[in-house]
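**Q** got a structure for you, letters missing:
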């Protein structure tokens, strides 16, 4: 049983922040330039969500990062903008 709380669910695949930014850039078809602040090199270089509580219950991810962002962005465009 999972206790009521806030859980982050991911694919248990470690990606770099750069990969996340570039994927988001592609999904939203951003035409501007991506600029990273090199004066702050101690930032988190990567992110990994731990979904072990859910995978132990038999759940497994079926949507890629790109596809998940695309579905979310399309929903946003239809319902919020």
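**A** The structure has been received and is ready for your questions. Nothing here was measured: the structure is a model prediction, and the numbers come from that model. Residues are numbered from 1 along each chain as shown.
**Q** make it CA atoms for all contacts and neighbour counts henceforth
**A** Noted.
**Q** kindly list the longest helix within this protein.
**A** What stands out as the longest helix in the chain, according to DSSP state H, is helix 65-79.
**Q** list the buried residues for it?
**A** The neighbour-count check on helix 65-79 (16 or more other C-alpha atoms under 10 Å) flags 69, 70, 73 as buried.
**Q** how about the last one, what does it touch?
**A** This means residue 73. Listed by C-alpha atoms under 8 Å, 6 or more residues apart in numbering, the contact set of residue 73 reads 27, 28.
**Q** local confidence estimate at it?
**A** Predicted confidence (pLDDT) for residue 73: 96.
**Q** quick one: low-confidence parts of the chain?
**A** Residues of the chain that meet the criterion pLDDT under 70 lie in 1-2, 7, 41-48.
**Q** I'd like the distance between the most centrally placed residue in the chain and residue 35.
**A** Central residue of the chain (C-alpha atoms, centre = their mean): residue 65, 6.0 Å from the mean position. According to C-alpha to C-alpha, to the nearest Å, residue 65 and residue 35 sit 22 Å apart.
**Q** residue 77 now?
**A** Taking C-alpha to C-alpha, one finds residue 77 at 25 Å from residue 35.
**Q** helix, strand or coil for residue 25?
**A** Counting by DSSP: H, G, I helix; E, B strand; the rest coil, the backbone at residue 25 sits in helix.
**Q** run a quick neighbour tally on it.
**A** By other C-alpha atoms under 10 Å, 15 other residues sit near residue 25.
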